[in-house]
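Enquirer: Have a look at this prediction, sequence included:
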Amino acid sequence: MGLVLAEEEELRRAVELAHLIVREAERSISWRAQRVLLELILNRGAYTRKPMRTQKRTGAMPPIVTVIIIVASVVAAALAAYFIYTTTARGVRQVSLTVIGQPTLYARQSGVELRVTFKNDGTADVDLANSIISVQTKNKTVVQFANPQLATGSGSLKLLAPGDSVALVYTANAQLDDFPDGAMATLQTAGGYQTSFAVAKP
């Protein structure tokens, strides 16, 4: 009789233990904690009905993941810095040409020449070697003045640095009478920069 009661008692404890494990599992207790709880109950032969306090443990991040995150952060920061630098550099380094004095057309034996002085007020060098100047005629057509040469007649045309100025002579196959006084002209450089100004006749 005593043996039967002992077996029933053990069965009742097993059922209650199962219920306790289920409740603790619902509270996100780890299996390791359940195993420790089970060992404590089996070793001590008793347990408490008070709910166990569980503490969630955050697993440590593997070293390779940490390295990958650091490398990705460094690469992203470098790309962002490069983008900001190039964008700022393009915005700061700009071409800005100013016409000094009065550009003037002169008749020559084989056509017309245009004398003009430019100053680089920008922050980037300007290449005027292959630049052209389009001048409007009396009948609204356009004549292109090309082949710029230094007005001094000596030396070679170089890049115009910021703050520097240069006097140039452009030539075109036309007649001086084809152009009105105050005709509109447009300079276009090989790099795509354009600026407009008026030209005079002597």
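Expert: All right, it came through fine.
Enquirer: ok, then the element right after the biggest helix by length in the chain?
Expert: Counting residues, the longest helix found in the chain (DSSP state H) is helix 63-92. Next helix or strand after helix 63-92 toward the C-terminus (DSSP states H and E): strand 97-108.
Enquirer: buried stuff in whichever helix or strand comes after that following strand?
Expert: On the C-terminal side of strand 97-108, the closest following helix or strand by DSSP H and E is strand 111-120. Residues 112, 113, 114, 115, 116, 118, 119, 120 are the ones in strand 111-120 that count as buried (16 or more other Cβ atoms under 10 Å). Where you see a C-beta, it was placed from the backbone N, CA and C, and this is true even at glycine.
Enquirer: The residues you listed into CSV, with extra columns for pLDDT?
Expert: Shown next, in CSV, are the buried residues of strand 111-120 (pLDDT from 0 to 100):
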residue, pLDDT
112, 97
113, 96
114, 97
115, 97
116, 97
118, 96
119, 96
120, 94
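Enquirer: With respect to residue 101, which of these is nearest?
Expert: Checking those against residue 101 by Cβ to Cβ gives residue 116 as the nearest, at 8.1 Å.
Enquirer: what bits of this structure have low per-residue confidence?
Expert: 1-62, 65, 85-93 (pLDDT under 70).
Enquirer: Cool, thanks, talk later.
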